[in-house]
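A.B. asks: No letters, just coordinates:
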């Protein structure tokens, strides 16, 4: 399993440095920074002996660039899942639950961490396949950014990697496009389409699909489409 | 289970502040600082919404004061157990292993974290019943202090507390005194006594003894002593 840490618009360079140290402590090295703050002396000081990770971090301007080659995108948030359920229909998983889910798989997985002050924007959360919440006290659930990274990487550092490849990011994109077409073609109420497409992305995203499962899902959708087309034709005749 | 976090001579106030934040995130509040650095604005800034824990931290001048009412004292070190084995005969346990060991118990447990630069002194390590090592990469095992606290408290935050009380600190102290007397009274080679006493403290310390087990151990030692005394008397006659 190739894990990538993605920090979305981190505000404090000390935190970025601390994140690289935690990454090196637990054996991770792939870091992508989306529009980060300036990274100068304090970042290097906090990274300590992990300056190589800081120096090699890829800096991009959009979240898409950070994740477009990843099979699974995990968004880490301090706010429990229920608050998101209303709009984004995401149950929040604990690091242990996600570890269990990824056991035996192989592929590239992005772990996203949001801004220190406001976390993720709605459209950023939509891009996540899984939402992860570290179980914290209700009294003070908001963790320091680098602490959150340290805890997640500690949990993931002993993950049992396997030979089962996850469907890659292109497979998943084509699947979502096919699902989207299907929803558009079956007389599904127009005002419900967007939310339903997001729900389907959520379901298939968190299922950690294998390539052959994606293949079979395409087959099922083609069957549905064909049956639906022929019925439509009969209705017209 | 009452967990106490003990920082031994922390050097950087930012770290102390960050530790209090991690404590509050995971629902812990008992903090004791042994000869800490000055705690001023930076400590408060890093503690964020955990300033109450920072303000209520007990400051002491010796490690003894920090731990003398604790049933079990756990020392956290980034250096794996084997290096200590030579002198202090301590196998290093992972946080998960210690959690497993404390499951179902109740009592006060101190978790010690050493200085940012040099960790613990030898005589401080001798005071620990258990040594805990967070599993890290061999390439860079030295974690930031507050990261180490965050990871350990994350792991311990869902510990299954029980009704089985641990032997308290007075019980354990009396047990060690009794063991020490016994070693002194049985013709054990003088040059080996100190190391053997430490080894016995290690064994019984990490066993997380119950009060009735301590009681029975005293009984066994009294029997040995009595038998030994009577044989000595016979030899003399």
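C.D. replies: Received the coordinates, thanks. Because the structure is a prediction, the values reported are computed rather than measured.

A.B. asks: can you tell me which residues contact the residue nearest in space to the middle of chain A?
C.D. replies: A centroid search over chain A (Cα atoms, centre = their mean) returns residue A:73, at 1.8 Å, as the residue closest to the centre. Each residue near residue A:73 by Cβ atoms under 8 Å, 6 or more residues apart in numbering or on different chains is listed here: A:67, A:109-110, A:112, A:127-130, A:205. Where C-beta positions appear, they are placed from N, C-alpha and C, glycine not excepted.

A.B. asks: Which positions in stretch A:127-147 come out as buried?
C.D. replies: Residues of stretch A:127-147 classed as buried under the neighbour-count rule (16 or more other Cβ atoms under 10 Å in any protein chain shown) are A:127-136, A:140-147.

A.B. asks: Okay, and which of those residues map to helices?
C.D. replies: A:145-147 (DSSP state H).

A.B. asks: From those residues, pick the one nearest chain B.
C.D. replies: Using Cβ to the nearest Cβ, residue A:147 comes nearest to chain B of those, at 4.2 Å.

A.B. asks: End to end on stretch A:110-119, go ahead and measure it.
C.D. replies: 16 Å (Cα to Cα, to the nearest Å).

A.B. asks: Enumerate the beta-bridge partners assigned to the nearest residue in space to residue A:57 that is not next to it in sequence.
C.D. replies: Nearest non-adjacent residue to residue A:57, counting by Cβ to Cβ, 6 or more residues apart in numbering or on different chains: residue A:31, 4.2 Å away. Per DSSP bridges, the residues bridged to residue A:31 are residue A:5.

A.B. asks: The residue located most distally from the centre of chain A and residue A:187: what is the separation?
C.D. replies: What lies farthest from the middle of chain A is residue A:237; by Cα atoms, centre = their mean that is 46.8 Å. Distance of residue A:237 to residue A:187, computed by Cβ to Cβ, to the nearest Å: 18 Å.

A.B. asks: quick revisit: near chain B, from the buried residues of stretch A:127-147?
C.D. replies: A:134-136, A:140-144, A:146-147 (Cβ under 8 Å from any Cβ of the partner chain).

A.B. asks: Quick check: the farthest pair among those residues?
C.D. replies: Spanning the widest gap among those are A:135 and A:146, at 18.3 Å by Cβ to Cβ.

A.B. asks: Can you classify residue A:225 as helix, strand or coil?
C.D. replies: helix (DSSP: H, G, I helix; E, B strand; the rest coil).

A.B. asks: Could you double-check that it lies in contact with residue A:182?
C.D. replies: Yes: look at residue A:225 against residue A:182 with Cβ atoms under 8 Å: they come within range, at 6.4 Å.

A.B. asks: So the two - more neighbours on which side?
C.D. replies: Counted by other Cβ atoms under 10 Å in any protein chain shown, residue A:225 and residue A:182 do not tie: residue A:182 has more neighbours, with 18 against 15.

A.B. asks: ok, for that one, nearest residue in space, not its chain neighbours?
C.D. replies: That would be residue A:221: by Cβ to Cβ, 6+ apart, it lies 5.2 Å from residue A:182.

A.B. asks: From chain B, how far off is residue A:133?
C.D. replies: Going from residue A:133 to chain B by Cβ to the nearest Cβ, to the nearest Å gives 12 Å.

A.B. asks: again with residue A:54
C.D. replies: 13 Å.

A.B. asks: swap in residue A:202?
C.D. replies: For residue A:202 relative to chain B (Cβ to the nearest Cβ), the value is 26 Å.

A.B. asks: which helices and strands sit right next to the helix or strand hosting that residue?
C.D. replies: Element membership for residue A:202 (DSSP states H and E) is helix A:190-206. Where contact means 3 or more Cβ pairs under 8 Å, 6 or more residues apart in numbering or on different chains; DSSP states H and E, helix A:190-206 is packed against helix A:169-185.

A.B. asks: elements contacting the helix it packs on?
C.D. replies: Helix A:169-185 packs on helix A:190-206, helix A:211-236, going by 3+ Cβ pairs under 8 Å, 6+ apart.

A.B. asks: Output the set of residues of chain A in proximity to chain B.
C.D. replies: Residues of chain A that fall close to chain B, judged by Cβ under 8 Å from any Cβ: A:18, A:21-22, A:24-27, A:46, A:48-50, A:134-137, A:139-144, A:146-147, A:150-151, A:154, A:157-158.
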